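Engineer: Mind looking at a prediction? Sequence and model below.
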Amino acid sequence: MTSRRTALAAITAGGGGFLALFLGLVLLGTFSAYGSLTQAEAQGRVALAPGTVPAAYTSLIEQWGTLCPELTPPLLAAQLYQESGFDPRAQSPVGAQGIAQFMPGTWKIYGIDPTHTHTPDVWNPADAIPSAASYDCQLAKDTAKVGGDRVANMLAAYNAGPYAVIQAGGVPPIAETQNYVRRIKQLAQSFTATAPMAFSSQAAGAIYYAQTKLGTPYLWGGEGKASQGYRFDCSGLTQAAYASVGIKLPRVAADQWYAGPHPSRDQLQPGDLVFFATNPHDPATIHHVGIYVGGGYMINAPHTGAVIRYDSIDSEGDYYGATRVTSDGAAALPTVNGQGTIANGH
């Protein structure tokens, strides 16, 4: 977390009475929104939500994510994120390779070069992303005569093979496969533009927890443990706030970004997580997160030497976007191992 700019200097300079009035207005806005529902935009075409995919891969996913009726760009993006975290050099312990985590034997059959100018390269996203889409659509064809949810059947075939789906007459009763289908379909909502976004029922509880920590000194790597003097860094605070209402978030801000759909700035509601990044086109550069409380302000743990406090969401200068945390969205996130790579992909 880099150095932060203080946003409430003018407010605090105005005296305790003005500060108390400000905090009262924030709380009023927080709890008047609690329990209400917002009317989401009617969803038209299924498009990628801005800022959810690294810019280098956006056009590939948008192009190839419409290859067949069962596939959408958000669904393809969710698969790639689940498999590799968009890391083109990812390699799993069982030998799956590249951004789409193809096994070598599967790649020999389904790997393609869309330009027809070279041998397909599993490490090249320009080959691997179209290959993943082509493979998905082939699996959709292979399971087309199976009843039920065609998208679920396609995803199940990707995980367990088409014959398992055909034999079971749908998603087979395999815990890993059922979990894979559920995760991808739920995670796709985080990548979908104009996804319906109801107010989070846990938001007020998360805000209440964060408010009880106001004035606590910042600690890099802090998770609120007794051994850390009950101190936090930015993502440690947001993780603990949502843990207090039963939602388990990843430890790192960039991973918390995918824990739900992404409201636009004019759709922000108390409880949304707000993110800041050095590159406006790459979610991997997210470096800070706070909890939105209304009125353009957030609670955050800013930097070493500061305390948990209210700041304007413009105080960072590099606002990236927001996430409306949901229980299902957080549960769908892939597990990240100690090396920062996806631990439960293909």
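Structural biologist: Nice, I can see it.

Engineer: Regarding Ala210, what is its secondary structure?
Structural biologist: helix (DSSP: H, G, I helix; E, B strand; the rest coil).

Engineer: just checking, what packs against the longest strand along the chain?
Structural biologist: Looking across the chain with DSSP state E, the single longest strand is strand 286-294. Judged by 3 or more CB pairs under 8 Å, 6 or more residues apart in numbering; DSSP states H and E, the packing partners of strand 286-294 are helix 16-33, helix 203-212, helix 234-243, helix 253-256, strand 273-277, strand 297-300. Any C-beta I mention is one placed from the backbone N, CA and C, and that applies to glycine too.

Engineer: So which bits of the very next helix or strand once past the first one are buried?
Structural biologist: To tie it back to what came earlier, the one meant is helix 16-33. Next along the chain after helix 16-33, taking DSSP states H and E as the criterion, comes helix 55-64. Using 16 or more other CB atoms under 10 Å as the test for burial, helix 55-64 gives 57-58, 60-62, 64.

Engineer: Distance to Thr177 and pLDDT added to these, as TSV?
Structural biologist: Converted to TSV, these look like this (distance: CB to CB, whole Å; pLDDT from 0 to 100):
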residue	distance to Thr177	pLDDT
Tyr57	26	97
Thr58	29	96
Leu60	27	97
Ile61	24	97
Glu62	28	96
Trp64	24	97
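
Engineer: The longest strand of the chain pairs with which strands, parallel or anti?
Structural biologist: Strand 286-294 has the following strand partners under DSSP bridges: strand 273-277 (antiparallel), strand 297-300 (antiparallel).

Engineer: Of those strands, flag the one that's most buried.
Structural biologist: strand 297-300 (a mean of 28; mean count of other CB atoms under 10 Å).

Engineer: Show me how far that one is from its chain's centre.
Structural biologist: When distances are taken as CA atoms, centre = their mean, to the nearest Å, strand 297-300 is centred 20 Å away from the chain's centroid.

Engineer: pLDDT averaged over that strand, what's the number?
Structural biologist: The average of the pLDDT scores along strand 297-300 is 96.

Engineer: ok, then the element right after it?
Structural biologist: Next along the chain after strand 297-300, taking DSSP H and E as the criterion, comes strand 309-312.

Engineer: Give me the contacts around the helix or strand that comes right after that next one.
Structural biologist: As assigned by DSSP H and E, the chain's next helix or strand after strand 309-312 is strand 319-323. Applying CB atoms under 8 Å, 6 or more residues apart in numbering, the contact partners of strand 319-323 are 50-51, 190, 256-263, 265, 268, 272-277, 280, 283, 286, 292, 313.

Engineer: could you redo the last one with a cut-off of 7 Å?
Structural biologist: Outside strand 319-323, the residues that touch it by CB atoms under 7 Å, 6 or more residues apart in numbering are 51, 256-257, 259-260, 262-263, 268, 272-277, 280, 286, 292, 313.

Engineer: I'd assumed Ser201 was in contact with Pro269.
Structural biologist: To be clear, residue 269 is Gln; Pro isn't right here. No - under the criterion of CB atoms under 7 Å, Gln269 makes no contact with Ser201, lying 11.8 Å away.

Engineer: These two - which one has more neighbours?
Structural biologist: Using other CB atoms under 10 Å as the criterion, Gln269 and Ser201 rank with Gln269 on top: 22 against 13.

Engineer: Give me the distance between stretch 306-323 and the centre of its chain.
Structural biologist: Relative to its chain's centre, stretch 306-323 lies at 18 Å (CA atoms, centre = their mean).

Engineer: do you know how far Ala56 is from Ala126?
Structural biologist: Between Ala56 and Ala126 the distance is 10 Å, computed by CB to CB, to the nearest Å.

Engineer: And for Asn300?
Structural biologist: Per CB to CB, Asn300 is found 38 Å from Ala126.

Engineer: How about Pro283?
Structural biologist: From Pro283 to Ala126 the distance is 20 Å (CB to CB).

Engineer: more neighbours, those two?
Structural biologist: Taking other CB under 10 Å, Pro283 and Ala126 do not tie; Pro283 has more neighbours (22 against 16).

Engineer: residues in contact with that one?
Structural biologist: So Pro283 contacts 51-52, 54, 254, 257, 277 (CB under 7 Å, 6+ apart).

Engineer: give me that answer again for 10 Å
Structural biologist: Pro283 is in contact with 51-55, 81, 86, 253-255, 257-258, 275, 277, 320-321, counting by CB atoms under 10 Å, 6 or more residues apart in numbering.

Engineer: Only the buried subset of these, as a PyMOL command please.
Structural biologist: To isolate the buried members of those in PyMOL, using 16+ other CB under 10 Å:
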select buried, resi 51+52+53+54+81+86+253+254+255+257+258+275+277+320+321
